[in-house]
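[1] Need a 3D model of the following:
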Amino acid sequence: MRVGVAVVILIFAGMAAAQPVGDPQTGAPVPAQPSQAPVPYEQTNQPAARPSSTPASATTTPAPQTQAAQTPAAEEALPESWLDGFKWKALVRLRPESRGNFDFDKKTDDNAEYVGQKIQFGFEKDFFDDMSANVVVQDSRVWGGQPGSKTGVSTANDSTSESTDLRIGWLEMRSLGPFDVRFGRQVFRLGEERLVGAAEWGNVGRSFDGFSVRTTNSFYTGQLIGSVLSEEDNDLSSNGTKVGPSNSSGFTFTCDSTTTVCTVKARTVREQGDSYLAGFYNTFTAGELFQFEAYYLGVYKKWIQKTSPLALPDAELMSQDRSKQRDNLHTIGARLTNRMGTDRKAQWEIPIDWSIEYAWQSGPTGRRIDASWDYLRVTVPSPAGPVRAYTEREKYNAYAFAADAGYTIASFLRIGVAYNIASGDKNRSDGVVTTFNSLFPTSHGLYGQADLVSWQNMIGKSIQMNLMFGKFGKLKLAAWQIDKMRLEDGWYDGTGTLKTNESTESFSNTRFSPLQDSSGYRASAYLRKGLLKEYDLTYIVPWKRVEIGLGYSRIQAGDSIREAKNDTLNTTISRRPRFDPRADFAYLMLTMSF
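    Next up, the predicted model:
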């Protein structure tokens, strides 16, 4: 199907190129203006129009002209080609990877080796000086991840679905007053992409369906963005949606033939309805010295309707009957940096580069919970039984901070340091969520290249060294130490996912429990801080049109992971240590683009 689409595009482009540019009202060919450069004949594939000084009503035949006399007139009359301003582009990337013991558990076989492949093909077209379009189709897959049959004897494309999608597809209109407007599927890259980024390291990447409005001058650039993150309603034809409570989650049934007992498990959680992203990013530039960035980012989620009545089984559900109210997460932040040149260097010719960023989050989560201050747990009667008398609205209150700087020596050596901190939650059962949400980041390399942590409940410290060898590439060495910001909160991996019980944690901050609470969480006295230490090596070298990248990481787990894996509070004789402190990550990446 993709080949057919490509052929149709090529045929359409060729047909359009074969037509002369016409007047939009009459359709008559429009000759080139005298001020324009003449268009070569071979670009039009059309015979040149031969102007005549004889009126149309005259019956006399003009004298034949020589070839030399025809050439200038012919060149002036040739129309511009539709292919002018048309640019093809493509990218091919292969990356074999190896990940070993990422759960730090010697009892499990979780070593993974695979080859990821990303292929992109697209075009850009300038229709006018103030209008253009950009389309990129992407195929992303793991070699052998979609075999033609379970036996593996079929070829790679027999009876299999393919991971092909539209990565970019937008139309841009410029010079609408002081604004440029772009709408469609697009990529957002804000600042250092700590909160909103393209995630290009991943085999798929990240795109947004929405719009952006941009204005810029010599000292200010402003960008307004908006995106639909999820839509629960279908259109009237064939486009469907895969989110929202109106979609059934689907169930799997696992039954024991002996006991006839069946276990029912939902395959997919369907609690997400309509959700949106909005942002306003402002950049103020002070010449070549530094730039200041201030931003607002909002993630808005629709309320969730109840699926069953609270008290009466046959009661009618109304739109006001909600299991969760609107979830509005507001992020306000600022960044100050002098990295305005290429390769994250200072634009002004000084050897020091630096960046400082701070972000704060607030807003309602949409949940009402039992009041954390009601230590007596007062209840009142209801048709469904006693319920808590006092509740409170849960809200966000979190922050994050990042700072890093480097010093370049003789243009070939850079020494750098970095410090990152993101708040965690010391009590996840109270009315305040203090775990920072890193939203839609490009985390790779910001907190280590193994992507084992994100900007959530962490303190990360690093020292780095970059060596530049010119045409022989560049080498980067980095050492990281990652600890928990709050011992009671969990460990969040590179995607921001909580790795439940993979490190020591306490859900309700059980400070006075002797060992564990009723849910199995540890008392605060038995929590640990250290997550991991990571040592990274990265080497990138260009070769013709190919960029070759090599990377290796050695990871050493800390005491918080060790205590959880060894289950040290378990005093039964059946307990066996499971902790293996070492993990490894390695890759070879080949990238060609044109």
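[2] End to end on stretch 377-387, go ahead and measure it.
    End-to-end distance for stretch 377-387: 9 Å, by C-alpha to C-alpha, to the nearest Å.
[3] what residue ranges in the stretch 101-250 of the chain score low on pLDDT?
    Within the stretch 101-250 of the chain, the ranges that satisfy pLDDT under 70 run 147-162, 236-250.
[4] Check the stretch 251-400 of the chain too.
    251-272, 305-323, 342-348, 384.
[5] Recalculate using a threshold of 80.
    251-273, 303-324, 341-349, 372-375, 382-385 (pLDDT under 80).
[6] ok, which stretches of it are strands?
    251-255, 262-266, 275-286, 290-301, 304-305, 322-324, 327-337, 352-370, 379-380, 387-388, 391-409 (DSSP state E, counting those that start in this stretch).
[7] Make TSV from those strands and add mean neighbour count and distance to Leu590 to it.
    To be clear about C-beta, it is placed using only N, CA and C from the backbone, and glycine gets the same treatment. As requested, the strands of the stretch 251-400 of the chain are arranged in TSV below (neighbours: other C-beta atoms under 10 Å; distance: least, C-beta to C-beta, whole Å):
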stretch	mean neighbour count	distance to Leu590
strand 251-255	9	40
strand 262-266	10	41
strand 275-286	17	33
strand 290-301	18	34
strand 304-305	18	45
strand 322-324	17	46
strand 327-337	19	32
strand 352-370	18	29
strand 379-380	11	65
strand 387-388	14	59
strand 391-409	17	28
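[8] For Gln120, find the nearest of the ones you listed.
    strand 275-286 (23.6 Å; C-beta to C-beta).
[9] can you state the direction angle for the closest one and strand 327-337?
    20 degrees (axes from the mean of the first three to the mean of the last three C-alpha atoms, to 10 degrees).
[10] picking up where we left off before, may I see the strands of the stretch 251-400 of the chain organised as CSV, with distance to Lys476 added?
    Listed next are those as CSV, based on distance: least, C-beta to C-beta, whole Å:
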stretch, distance to Lys476
strand 251-255, 45
strand 262-266, 44
strand 275-286, 27
strand 290-301, 24
strand 304-305, 45
strand 322-324, 44
strand 327-337, 19
strand 352-370, 15
strand 379-380, 60
strand 387-388, 54
strand 391-409, 11
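[11] So for Ile119, which of those strands sits nearest?
    Across the strands of the stretch 251-400 of the chain, Ile119 has its closest neighbour in strand 275-286 (27.7 Å, C-beta to C-beta).
[12] who does the closest one pair up with?
    Here strand 275-286 is paired, per DSSP bridges, with strand 220-230 (antiparallel), strand 290-301 (antiparallel).
[13] Mind putting those strands into a markdown table with distance to Pro96?
    Supplementary listing: the strands paired with strand 275-286 in a markdown table, determined by distance: least, C-beta to C-beta, whole Å:
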| stretch | distance to Pro96 |
| --- | --- |
| strand 220-230 | 33 |
| strand 290-301 | 35 |
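[14] Indicate which one of the ones you listed is closest to Asp489.
    strand 290-301 (20.4 Å).
[15] okay, the closest one in PDB with CA atoms only?
    Taking C-alpha atoms only, strand 290-301 is exported to PDB below (Å, rounded to 0.1, in the frame of the first residue of the first chain):
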ATOM      1  CA  PHE A 290      22.100  35.100  27.200                       C
ATOM      2  CA  GLN A 291      18.400  34.400  26.700                       C
ATOM      3  CA  PHE A 292      15.500  34.200  29.200                       C
ATOM      4  CA  GLU A 293      12.600  31.800  28.600                       C
ATOM      5  CA  ALA A 294       9.300  31.900  30.500                       C
ATOM      6  CA  TYR A 295       6.600  29.400  29.800                       C
ATOM      7  CA  TYR A 296       3.200  28.000  30.800                       C
ATOM      8  CA  LEU A 297       2.100  24.400  30.000                       C
ATOM      9  CA  GLY A 298      -1.400  23.000  30.800                       C
ATOM     10  CA  VAL A 299      -2.700  19.500  30.600                       C
ATOM     11  CA  TYR A 300      -6.500  19.400  30.900                       C
ATOM     12  CA  LYS A 301      -8.500  16.100  31.300                       C
END
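[16] Contacts for it next, please.
    Strand 290-301 is contacted from outside by 190-191, 195-196, 229, 272-286, 326-338, 340, 363, 366, 439, using C-beta atoms under 8 Å, 6 or more residues apart in numbering.
[17] Tyr419 versus Ile369, what's the distance?
    34 Å (C-beta to C-beta, to the nearest Å).
[18] again, but for Tyr220
    Per C-beta to C-beta, Tyr220 is found 29 Å from Tyr419.
[19] again, but for Ile225
    Distance from Ile225 to Tyr419, counting by C-beta to C-beta: 29 Å.
[20] who has more neighbours, Tyr220 and Tyr419?
    Between Tyr220 and Tyr419, Tyr419 has the larger neighbour count (other C-beta atoms under 10 Å), namely 14 against 11.
[21] Could you name the specific helix or strand carrying that one?
    Using DSSP states H and E, Tyr419 sits in strand 413-422.
[22] ranges for the helices of the chain?
    2-17, 67-77, 559-566 (DSSP state H).
[23] Show me what the shortest one is packed up against.
    This means helix 559-566. strand 530-543 (3 or more C-beta pairs under 8 Å, 6 or more residues apart in numbering; DSSP states H and E).
[24] Give the pairing partners of the strand it packs on; include direction for each.
    strand 474-483 (antiparallel), strand 546-557 (antiparallel).
[25] which parts of the shortest one are buried?
    Looking back up the chat, that one is strand 474-483. For strand 474-483, burial by neighbour count (16 or more other C-beta atoms under 10 Å) applies to Lys474, Leu475, Lys476, Ala478, Trp480, Gln481, Ile482, Asp483.
[26] with these in mind, which one is nearest to Arg393?
    When these are compared for distance to Arg393 (C-beta to C-beta), Asp483 wins out at 31.8 Å.
[27] confidence score at that closest one?
    What the model reports for Asp483 is a pLDDT of 97.
[28] So in terms of bridging, what pairs with it?
    Here Asp483, judged by DSSP bridges, has bridge partners Ile459, Gly530.
[29] isn't it right up against Leu531?
    Yes. Look at Asp483 against Leu531 with C-beta atoms under 8 Å: they come within range, at 5.9 Å.
[30] intersection of neighbour lists for the two?
    Counting by C-beta under 8 Å, 6+ apart, the shared contacts of Asp483 and Leu531 are Met458, Gly558.
[31] pretty sure Asn397 is touching Val433, no?
    Yes. In this structure, Asn397 is within contact of Val433 by C-beta under 8 Å, at 7.2 Å.
[32] ok, the spatially closest residue to Pro178 that is not a sequence neighbour - contacts?
    If the residues on either side of it in the chain are set aside, Pro178 comes closest to Thr215, at 4.8 Å by C-beta to C-beta, 6 or more residues apart in numbering. Residues counted as contacts of Thr215 (C-beta under 8 Å, 6+ apart) are Pro178, Phe179, Asp180, Thr221, Gly222.
[33] Please pick the buried ones from these.
    Asp180, Thr221, Gly222.
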